[in-house]
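> No letters, just coordinates:
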């Protein structure tokens, strides 16, 4: 038996086709160099099933003749372990970034150091009393004391109100993301939809590379909101568990959301829940402010015996309860004495001020540590992202090299086809024409 | 170590480097323009908390100083009044000695009595000295004159005391008890200055041998006793003025140390920060330059 006459044409044709497909993949990679979430693909080239050529010699045996090449698959280059690591750290980054954000807002609410801060107002209040002690019968000095007190109370109320609105905004943001028809539900719905399409593609023996890229991108996005656990099922679908929610967020084409979660979920949602909660840091600062207000009212009222100077015991309700004429400077009131004014001015540096200085140290340290945690997480996520890019990202240099390689391969295959054609032309056109 | 470097990685890391250089520069810029190293409490939480206490202490020292100046002025007024009383009493003493030498006619004695009565009014006027609209010798009844002009010698003030706060738990009294010197007049028969002066005038006008005798011995003795009370009042005022002066110098010292402490905590070291700023600017420019040349390069440039 001999080699089939036209086999060579088929073999070189397979070379043309395979190189063309490889160039197509290269083109796909190049065009998606800046596409977010795109994983580079490579054409897997394999030799075709060889032809068995029986030996012409009598002792049996034979040879195998290669029949060319074909692109058997377009593989998506991706490292699942890096994905899992990336998503875990991305949840940590989401959490610390949100925390930094919320705490920085709280810090700004205190407006320290500045001339309009609570500390400055407190200081001005004590100075007003000291001024009154030098001129205890002066109407103007009494007006100054009352107005300094009012300003202090107003500032306490203002800061408390700002902190409350930060908590309220955190709760609102949580609802916007995690509530019905929120960002999380919409992402989960898209993941479930992609799960279904991927499953069908695989059943049809198609490689759903682009669909998987899109699903991975959505999973990256969801991982910022909270810790996720992704299980790859045998039918190609991903089962996604979200934080400490009781049921899976996505299973096959089914979405189960909204569900109840706690701060243990981590990510942006965990941090928002914490900021909005009554046991959170911002509520803690408000409690301390209330203590400042209560201490202030109690210590001043104890010395101002004629009638309480302050009414209210919380930052929101503290108010000056006396008119300038009712301001007491001495015991008994309405004399030119000043011992009460001196005693109240001497409250400077006392418990109220110390509590306030403590809360400033607390909020400062909280912002500081959240900022540095956030910077660390950012560095880790950037590093992991670079590692993923190193595996999955498109390198234009590499693609240009591939392009040249496959282009040359195509040209060479075409040259081989021409040679084959000329050979056959000799056989068909010129054989048997001896002497014609 | 990554073995494969892709375009996105180069872009990403270049951008991250430029960004972090910018963030650092912005922060240094704020430090330079404000001159403070603590712009927000998170820059130095412990320092920010200490700065609150120190700022308040500094403002408190300012209050003490204001009170001290006010107290000094009050005591100066008191000292002036007591000096006036002292001069009047010295004059009365001279007149009594003059009247007691036995050569005076009744007419002379009458005119001496008139002068004594006039000096009594001077003493009462001095006792009614005001500082910033307040009667300084009325105890805490600062709106009421301690003595009325005329015959009524009763004391209208009280025994309350007014102080100036010149340091933490340092309150210095600025009032002295004037009625311990002047008393309530002849009606009270308390042997105090007004009683003594009225008695002297009466004895001068009577002019009897018994009255002259009383002038020479009993009245002169009473005057001496009153003068020593006056001396001790003046000494008290002087001592309190000294105490305030000492407090003021302590306040100055404290203010220096507190200001230094506060500056150490919250002020930026401009020389150091300026140097850091130039370094960061250099780093930023380098990152930009590197970015501009690296990001453009690829194999595409060399293939035709």
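Cool, got the structure. If you're wondering where the values come from, they're calculated on a predicted model, not measured in any experiment.
> Return the residues in contact with residue A:40.
With contact set as CB atoms under 8 Å, 6 or more residues apart in numbering or on different chains, residue A:40 has these partners: A:29, A:76, A:77, A:392, A:393, A:394, A:395. The C-beta positions use only the backbone N, C-alpha and C, and glycine is treated the same way.
> same deal with residue B:13?
Residue B:13 sits in contact with A:382, A:386, where contact means CB under 8 Å, 6+ apart.
> one step back: most widely separated two among the contacts of residue A:40?
By the measure CB to CB, the contacts of residue A:40 have their two most distant members at A:76 and A:395, which lie 15.7 Å apart.
> So for these two, which residue has more residues nearby?
Each of residue A:76 and residue A:395 had its neighbours counted (other CB atoms under 10 Å in any protein chain shown), and the higher figure belongs to residue A:395 (23 against 18).
> Backbone torsions only: list them for the more buried one.
Here the main-chain torsion angles of residue A:395 (degrees, to the nearest 10) amount to phi -100, psi 120.
> Now it: closest residue in space that isn't a chain neighbour?
Beyond its immediate neighbours in the sequence, the residue positioned closest to residue A:395 (CB to CB, 6 or more residues apart in numbering or on different chains) is residue B:6, lying 4.4 Å away.
> Next one: that neighbour relative to residue B:67, how far apart?
Using CB to CB, to the nearest Å, one obtains 73 Å as the distance from residue B:6 to residue B:67.
> With neighbour numbers in mind, choose between those two.
Using other CB under 10 Å, the more surrounded residue of residue B:6 and residue B:67 is residue B:67, with 28 against 24.
> Tell me the predicted confidence for the more buried one.
Predicted confidence (pLDDT) for residue B:67: 95.
> go on, residue A:337?
At residue A:337, the predicted lDDT confidence score is 87.
> can you pull the contacts of residue B:159?
Remark: with contacts taken as CB under 8 Å, 6+ apart, residue B:159 is in contact with B:139, B:177, B:179.
> going on from the longest helix along chain B, what's the next piece of helix or strand?
With residue count as the measure and DSSP state H as the assignment, chain B has helix B:45-99 as its longest helix. Beyond helix B:45-99 on the C-terminal side, the first helix or strand identified by DSSP states H and E is helix B:106-127.
> now the angle between helix B:45-99 and that next one, please.
Angle of helix B:106-127 versus helix B:45-99, following axes from the mean of the first three to the mean of the last three CA atoms, to 10 degrees, is 170 degrees.
> Report whether helix B:106-127 contacts chain A.
No: where contact is defined by CB under 8 Å from any CB of the partner chain, no part of helix B:106-127 touches chain A; the two come within 15.9 Å at best.
> Counting by contacts, list what that helix packs against.
Contacts defined by 3 or more CB pairs under 8 Å, 6 or more residues apart in numbering or on different chains; DSSP states H and E place helix B:106-127 against helix B:45-99, helix B:179-182, helix B:193-206.
> which residues sit against the next helix or strand after it?
Next along the chain after helix B:106-127, taking DSSP H and E as the criterion, comes strand B:130-131. Identification of contacts with strand B:130-131 by CB under 8 Å, 6+ apart yields B:73, B:74, B:77, B:78, B:136.
> Out of those, which end up buried?
The neighbour-count criterion (16 or more other CB atoms under 10 Å in any protein chain shown) marks B:74, B:77, B:78, B:136 among those as buried.
> ok, back up a step: and the residue nearest to residue A:395, how far is that from residue A:34?
Separation of residue B:6 from residue A:34 (CB to CB): 11 Å.
> what helix or strand is residue 156 on?
Reading this off chain A. Secondary structure assigned from DSSP H and E places residue A:156 in helix A:139-178.
> Switch to chain B, please.
With elements taken from DSSP H and E, nothing contains residue B:156; it lies in neither a helix nor a strand.
> Verify the stated contact: residue B:220 with residue B:98.
No: applying CB atoms under 8 Å, one finds residue B:220 not in contact with residue B:98, separated by 11.6 Å.
> neighbour-wise, which of these two wins?
residue B:220 (17 against 13).
> Now do the contacts for that one.
Taking CB under 8 Å, 6+ apart as the criterion, residue B:220 is in contact with B:93, B:96, B:97, B:100.
> per-residue confidence for residue 51?
All of this refers to chain A. At residue A:51 the predicted local confidence, pLDDT, stands at 85.
> wrong one, chain B
The score at residue B:51 is 92. That number is its pLDDT.
> Please, where are all the strands along chain A?
Across chain A, reading from the start of the chain, the strands by DSSP state E fall at A:41-47, A:51-54, A:62-65, A:69-76, A:228-232, A:238-242, A:250-251, A:254-255, A:310-311, A:319-320.
> and the fifth one, how far from the chain's centre?
Read that as strand A:228-232. Chain-centre distance of strand A:228-232: 17 Å, with CA atoms, centre = their mean, to the nearest Å.
> Also the last one?
A distance of 45 Å separates the C-alpha centroid of strand A:319-320 from that of its chain, computed with CA atoms, centre = their mean.
> ok, now the second one?
Per CA atoms, centre = their mean, the displacement of strand A:51-54 from the mean C-alpha position of its chain is 60 Å.
> hang on, the earlier thing: ok, so of the contacts of strand B:130-131, who is nearest chain A?
When those are compared for distance to chain A (CB to the nearest CB), residue B:74 comes out closest, at 9.0 Å.
> Ignoring the adjacent residues along the chain, who's closest to residue 141?
Using chain A here. With sequence-adjacent residues excluded and distances taken as CB to CB, 6+ apart, residue A:141 is closest to residue A:132, at 4.2 Å.
> Can you look at chain B instead?
residue B:157 (4.8 Å).
> Give me the buried stretch members for stretch B:218-235, please.
Taking 16+ other CB under 10 Å as the neighbour-count basis, stretch B:218-235 is seen to contain the buried residues B:219, B:220, B:222, B:223, B:226, B:227, B:230, B:233, B:234.
> circling back to that earlier point, can I get the strands of chain A in a markdown table including distance to chain B?
Shown next, in a markdown table, are the strands of chain A (distance: least, CB to the nearest CB, whole Å):
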| stretch | distance to chain B |
| --- | --- |
| strand A:41-47 | 13 |
| strand A:51-54 | 38 |
| strand A:62-65 | 36 |
| strand A:69-76 | 15 |
| strand A:228-232 | 23 |
| strand A:238-242 | 24 |
| strand A:250-251 | 28 |
| strand A:254-255 | 31 |
| strand A:310-311 | 19 |
| strand A:319-320 | 20 |
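> which one of those is the most hemmed in?
Comparing those by mean neighbour count (mean count of other CB atoms under 10 Å in any protein chain shown), strand A:250-251 comes out on top with a mean of 24.
> which residues touch the residue most central in space within chain B?
Per CA atoms, centre = their mean, the C-alpha nearest to the average position across chain B is that of residue B:68, at 1.9 Å. Counting by CB under 8 Å, 6+ apart, residue B:68 makes contact with B:164, B:166, B:244, B:247, B:248, B:251.
> Just give me the neighbour total for the fifth one.
This means residue B:248. If you count neighbours by other CB under 10 Å, residue B:248 ends up with 18.
> Which helix or strand contains it?
helix B:220-266.
> Distance from that helix to the middle of the chain?
10 Å.
> before we move on, the earlier item: looks like the residue nearest to residue A:395 contacts residue A:399 (just checking).
No: Residue B:6 sits out of contact with residue A:399 when judged by CB under 8 Å, with a separation of 10.0 Å.
> Tell me where the model's unsure across the stretch 201-350 of chain A.
Low-confidence segments of the stretch 201-350 of chain A, defined by pLDDT under 70, are located at A:334.
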